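Colleague: Return atomic coordinates for the entry below.
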Amino acid sequence: MNLTRMARHLFAMPGALARRLPTAAMAAIEKAIARSETSHRGEIRFAAEATLDTAALFASRSARERAIDVFSELRVWDTEENNGVLLYLLLADHDIEIVADRGISAKVTPAEWEQICRRMEAALRRGEFEQGILAGVEDISRLLARYYPATSGGVNELSDKPVIL
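Modeller: Numbers count the residues shown, from 1 in each chain. This is a model prediction of the structure:
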């Protein structure tokens, strides 16, 4: 049990996520996702939460484990071509996780996803939350466009609206 991590989660200030990602930033993220999906057939979802609940903390749940849960809860896997991608932020840990469905995972290496996460986490450390997330959406979009280029009559299978958990 990591006491420092526990303290960050248990004593997080209310509204911390809203201060880092205000309404205007969330709208910009939604627009960026919508715009990016015109260049590919993939689906991108962004979800963020300030902290883990107490039970998850005591169980030493990682941000990755939580991201996989969120991937399922938001049904990111529910796309025709299995090309949904979840971009997940756990603010208390300043951790970004990318969970990709099996179609796109078969084409993109874990190292490529990890590189995107590290760049975004560097932006978070600099306090550049909106810019870092927008850059991540752009990086993910480039990968999706490489393997799932847009075709005419594409359907938006998942909401572009960011989710606060």
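
Colleague: Against Gly42, how distant is Leu158?
Modeller: Here Leu158 is placed at a distance of 10 Å from Gly42 (CB to CB, to the nearest Å). Using the backbone N, CA and C atoms, a C-beta is placed for each residue, glycine as well.

Colleague: Buried residues, stretch 84-91. List them.
Modeller: Within stretch 84-91, the residues that qualify as buried are Gly84, Val85, Leu86, Leu87, Tyr88, Leu89, Leu90, Leu91, counting by 16 or more other CB atoms under 10 Å.

Colleague: beta partners for the spatially most central residue of the chain?
Modeller: The chain has Leu87 as the residue nearest its centroid, 1.3 Å off, counting by CA atoms, centre = their mean. Bridge pairing for Leu87 (DSSP bridges) gives the partners Phe46, Ile98.

Colleague: Contacts only, for it.
Modeller: Leu87 sits next to Ile44, Arg45, Phe46, Ala47, Ile96, Ile98, Ile133, Gly136, Val137, Ile140 when contact means CB atoms under 8 Å, 6 or more residues apart in numbering.

Colleague: So the fifth one sits against Tyr88, correct?
Modeller: Yes - counting by CB atoms under 8 Å, Ile96 sits close enough to Tyr88 to count as a contact (7.0 Å).

Colleague: Need phi/psi at Glu157.
Modeller: phi -80, psi -30 (degrees, to the nearest 10).

Colleague: Neighbours of it, how many?
Modeller: Look at Glu157: counted by other CB atoms under 10 Å, it has 17 neighbours.

Colleague: One more: Asp95?
Modeller: Quick note: Asp95 (other CB under 10 Å) scores 18 neighbours.

Colleague: shift numbering so it begins at 21
Modeller: Noted, 21 is the first residue going forward, which turns the last one into Asp115.

Colleague: quick one: average pLDDT of the helix or strand harbouring Met46?
Modeller: In this structure, Met46 sits in helix 43-56 according to DSSP states H and E. For helix 43-56, the mean per-residue pLDDT is 98.

Colleague: what do you get for stretch 175-185?
Modeller: For stretch 175-185, the mean per-residue pLDDT is 94.

Colleague: before we move on, what about stretch 120-131?
Modeller: Rounded mean pLDDT across stretch 120-131 is 96.

Colleague: Restrict it to CA atoms and write it as PDB.
Modeller: What follows is stretch 120-131, C-alpha atoms only, in PDB (Å, rounded to 0.1, in the frame of the first residue of the first chain):
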ATOM      1  CA  ALA A 120      -7.600   0.100 -27.400                       C
ATOM      2  CA  ASP A 121     -10.000  -2.500 -28.700                       C
ATOM      3  CA  ARG A 122      -8.600  -5.600 -30.300                       C
ATOM      4  CA  GLY A 123      -8.800  -4.400 -33.900                       C
ATOM      5  CA  ILE A 124      -6.500  -1.400 -33.500                       C
ATOM      6  CA  SER A 125      -4.400  -3.100 -30.800                       C
ATOM      7  CA  ALA A 126      -3.400  -5.700 -33.400                       C
ATOM      8  CA  LYS A 127      -1.900  -3.000 -35.500                       C
ATOM      9  CA  VAL A 128      -0.400  -0.600 -33.000                       C
ATOM     10  CA  THR A 129       2.400  -1.600 -30.700                       C
ATOM     11  CA  PRO A 130       2.300  -1.100 -27.000                       C
ATOM     12  CA  ALA A 131       5.300   1.100 -27.300                       C
END
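
Colleague: Thank you, goodbye.
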